[in-house]
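Student: Dropping the sequence and predicted coords here.
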Amino acid sequence: MAEVTTSLSIGQVAERTGLSVHALRFYEREGLFANPVQRGSSGRRVYGEDDVEWLTICIILRASGMPLPAIRRYAELVSEGAGNEKERLNLLRQHQERVNIQIGQLTQSLDLITFKVGVYEDILSEGDPTACLTGRQQLSFGEPEGEDRK
């Protein structure tokens, strides 16, 4: 069990992490914390800096597309302590591969968008905005300069 050295309320943690109070309760209910959330004498949740750091990791993993069950499993492994590093590594490597695929797809999307922005900037700088209304939408973005680009 993690020692709470700094006492933070659920509202303070929500403010620091950008998660809503509802989301923090959901994370707790779904077992996404590496350590049980402590309770004060009044029964209110009390968080520490370790909890904020852990939530930051969870937020980044979630933003990168890691499914909640995988985050839950990772939290379980961390909670269990030493001895399961190989499983943690495998879980993170699998997610790393998915993120690398996403990055490749996003890079391809950005390349296309950048190309199309250039096409429209060129058309507008040439002063003929009707040139893009020919009906042919070019998807290739490696054409030599001067060819019909729409």
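Tutor: Arrived safely, thanks for sending.
Student: Could you use CA atoms for every contact and neighbour count after this?
Tutor: Fine.
Student: wait, what's in contact with the most centrally placed residue in the chain?
Tutor: Residue closest to the average C-alpha location in the chain (Cα atoms, centre = their mean): residue 63, at 1.6 Å. Applying Cα atoms under 8 Å, 6 or more residues apart in numbering to residue 63 gives no contacts.
Student: Contact partners for residue 20?
Tutor: Residue 20 touches residue 14, counting by Cα under 8 Å, 6+ apart.
Student: how does it look with 10 Å?
Tutor: By Cα atoms under 10 Å, 6 or more residues apart in numbering, the contact list for residue 20 reads 10, 11, 13, 14, 26.
Student: Buried ones only from the residues you listed, please, as a ChimeraX command.
Tutor: To isolate the buried subset of the contacts of residue 20 in ChimeraX, counting by 16 or more other Cα atoms under 10 Å, use the following:
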select :10,13,14
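Student: What pLDDT is listed against residue 6?
Tutor: On the pLDDT scale, residue 6 is placed at 80.
Student: what about it, how many neighbours?
Tutor: 11 (other Cα atoms under 10 Å).
Student: Excluding chain neighbours, what is closest to it?
Tutor: The spatial neighbour of residue 6 that comes closest, neighbours along the chain excluded (Cα to Cα, 6 or more residues apart in numbering), is residue 48 at 4.9 Å.
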